[in-house]
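> got a predicted structure plus its sequence, pasted below:
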Amino acid sequence: MYLYFNYSGSGSPRWYVKVSRKGRRIGISEEYGTPAFDAAYDAGVAALGGVLRMRRVKGMATPDQPERRYLYVDVSQRGQVRYYVQLRNKLPKIRIKADYGTTEFDAEVDAAVAGQVVLYGNEGDYINAQKQRNEERPAFPNTPARPGTLRWYWNGYRQSDHWLGDLSVGQEGLAESTRLQRTGLIESILPENGEKPFAVLTRKVIKAEMKARTPSQAGNLLSAVRGMIRWMIDEKHLDEDDDPTIGLKSGKARASRETGGFVPWTDDDMARYRAKWPLGTEARLMFDILHYTFLRLGDAHRFGPPHLRQIVRKMAVQIATEKSQGNTTVTVPVHPEFAESLKAARAANIIGAEVFTGKLVCGRIQPMNKKAWAAKFKKYAVLAGVNEPKKSCHGVRKARAEVAAYADCTESQMMAIFGWTDPKMPAHYIAQANRERLGISGMEKIVTFDQSQSSDRSLDPEASSKRAPPDQSVLPFPGAIRKTSRRVQR
C-alpha cells in the first residue's frame, strides 16, 4: 500500500516508502522481490508511522460465486468477504453491505442491479436473471493422435503453411484472431468425433452441427472445416470429390444483411460522448482517433506518433492497414479538430511514445491488443450513455463513411481514405446517400407542384368551386379512370 517507485536517469526503477501524500519518504536500495527488500519495506513503514495491512495469502479460500447474474464475491487483502454487483466488466461496482442470505441482502441486490440496468443496460439485461454456465468439455487425451483420425488431421492442419503461413510457397496463413476463432469451433466437435476416422465427418454430421448454432456461428464453422479440408486436398489426404462440405450453405450472409452488422453512431451519440469526455482525456483521444482517422480497430489500437508524417508540407496520417497485411497504405491529412485533440492530450501528458493510447504501466503508455482496446473504448462509451449492444468502435467508422458519401466524395476518394480495395464498399454508402438525396429532392418537387396548384385555384375561386363534368378527358387519379370505364361498359 505504501510502496512507490519512479525511474532514475539510467531507466532503472527506484523504490521508496511513503505513508502520506505530503510526508517524507524512505528509499529502498535492496533488490525488489527479495526478503531483504520486504524487511526494508516493513522497517520504512514503521519508521514513518504507517500501519501494515495484511497481504493476500495464496490459497485463501474464496466462497463460491453466487448463481445470480451480476452478483460476485471476492476476498479482500484483510480476508474480508465482499459481495458486489457489476453489470459487465470495466463498469462500476456496487458494494452490497447487508449480510448474505438475508432479505435485506436480496433487496439491496435488486436495487443495485435495477439502477445499473437503467444506466448501462441493454435489451439482454434482466434484473432477476441467473448466470449461464457452460458445460465443461471433456479433456482431450494426452496420447498422440492415431493417424487417420479427425484429431490427427486437425493437429496436422495447425502445423501447416495454410495455418501458419509461408510466402515462399504462396501461403499467407491465418490471422491470430482467425486462428483463435477456428480453434474454438473445431475443438467443439472433437470430444465426440476426434478419435474417430475422418470419414465420420460426413455432410450430415456437419449440417447437424451447423443447425445447433446461430447462422453466424454456423457460417464460421463451415469456413473452418473447409479450411482444413483444403489443406487435406493439397496434401493428397483427400480427393476433391470426397469433400463433405460440397453443397453446404449457411445463412450468415443473409443474417448479416438483416441485422445490419455494427450500428453506426448517431450525432446524438457523439454529442453525449463528447459531453462526458472532454479534450485532454484518454476516452476522448480514443474516440477522436476513430472519428478523424477513419481507421479500423486493428489499426487504431496501434496508431501512434510514428504514423504522423509530413507529406507535401502537410501533416498526415500514414499507416499500412492490418487487414491487407501491410499491402495497402492509408494516407490522409490530419483533421484540424484532431490536431486540437492531440494538442490537448499532449498538454495533459496522456500520449505514449509508441502508441497514442494503451495501457498505463509504471507511468508509461504500453501497446494493448485490439480486443482489450475495443473493450476499453466500449467501457467509455457505456459510461457516456452509448450502450447499445452493436454500437462499438466500428460504428464510428461506419458513421464517418456515411458522412463521406453525403459530402460527395467519389468512390476512389473513399477507397483511399478508408483503406478499401473493393469498390463495392464505397458504392454501397454512395448509393444509400443518393437514394436519400433523390427522395428529398423528389418531395421538394412535389411540394412545389402542390403549392403552385393551390395558388392557381386561389386566383380563380369560381373555377375551383365548379364540379368537373363526368366525361372529362383528363382525370387526376388512375382510380378515377377505372371507375369511369366501368360506367361506360354498363
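Arrived safely, thanks for sending. Numbers count the residues shown, from 1 in each chain.
> my guess is Leu290 meets Ala399, correct?
No: counting by C-beta atoms under 8 Å, Leu290 sits too far from Ala399 to count as a contact (9.5 Å). Heads up, the C-betas are built off the backbone N, CA and C, glycines and all.
> confirm Asn6 sits in a strand?
Yes: assessed with DSSP: H, G, I helix; E, B strand; the rest coil, Asn6 lies in a strand.
> which SS class is the closest residue to it other than its chain neighbours?
Nearest residue to Asn6, sequence neighbours excluded (C-beta to C-beta, 6 or more residues apart in numbering): Arg14, at 5.7 Å. Under three-state DSSP, Arg14 falls in the strand class.
> for the stretch 1-150 of the chain, which spans come out with low pLDDT?
Filtered on pLDDT under 70, the stretch 1-150 of the chain yields the residue ranges 1, 9, 11, 52-62, 77-78, 122-141.
> change it to 90
When residues are selected by pLDDT under 90, those of the stretch 1-150 of the chain lie in 1-70, 74-82, 87-93, 97-101, 106-107, 110-111, 113-146.
> now do the strands in it.
For the stretch 1-150 of the chain, the strands defined by DSSP state E, counting those that start in this stretch occupy 3-7, 13-17, 26-28, 71-75, 81-85, 94-96.
> quick one, what contacts the residue nearest to Asn6?
Shown in contact with Arg14 (C-beta atoms under 8 Å, 6 or more residues apart in numbering): 5-8, 27.
> going by neighbour count, which of the residues you listed comes out on top?
Phe5 (14 neighbours; other C-beta atoms under 10 Å).
> the lengthiest strand in the chain pairs with which strands?
For the chain, the longest strand by residue count, based on DSSP state E, is strand 314-320. Here strand 314-320 has these sheet partners by DSSP bridges: strand 308-311 (antiparallel), strand 329-333 (antiparallel).
> which stretch among the strands of the stretch 1-150 of the chain comes nearest Leu174?
The minimum distance between Leu174 and the strands of the stretch 1-150 of the chain falls on strand 71-75, with 35.5 Å, by C-beta to C-beta.
> can you give me the angle that closest one makes with strand 81-85?
Counting by axes from the mean of the first three to the mean of the last three C-alpha atoms, to 10 degrees, strand 71-75 lies at 150 degrees to strand 81-85.
> quick one: list the elements packing against strand 71-75.
Secondary-structure packing of strand 71-75 (3 or more C-beta pairs under 8 Å, 6 or more residues apart in numbering; DSSP states H and E): strand 81-85.
> pLDDT weak spots in the stretch 301-450 of the chain?
Answering for the stretch 301-450 of the chain: the residues below the bar, that is pLDDT under 90, span 309-314, 322-328, 352-353, 358-366, 369-372, 375, 378-379, 382-392, 422, 428.
> in it, which spans are helices?
Shown for the stretch 301-450 of the chain, the helices assigned by DSSP state H, counting those that start in this stretch span residues 336-347, 370-383, 393-406, 411-418, 424-459.
> just the CA atoms of the third one, as CSV, please.
Coordinates of the C-alpha atoms in helix 393-406 are reproduced here as CSV (Å, rounded to 0.1, in the frame of the first residue of the first chain):
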residue,chain,number,x,y,z
CYS,A,393,-15.8,1.4,-32.2
HIS,A,394,-16.6,0.1,-35.8
GLY,A,395,-19.9,2.0,-35.6
VAL,A,396,-17.9,5.3,-35.5
ARG,A,397,-16.1,4.3,-38.8
LYS,A,398,-19.5,3.4,-40.4
ALA,A,399,-20.9,6.8,-39.4
ARG,A,400,-17.9,8.6,-40.9
ALA,A,401,-18.3,6.6,-44.2
GLU,A,402,-21.9,7.8,-44.4
VAL,A,403,-20.6,11.4,-43.9
ALA,A,404,-18.1,10.9,-46.7
ALA,A,405,-20.8,9.8,-49.0
TYR,A,406,-23.1,12.8,-48.1
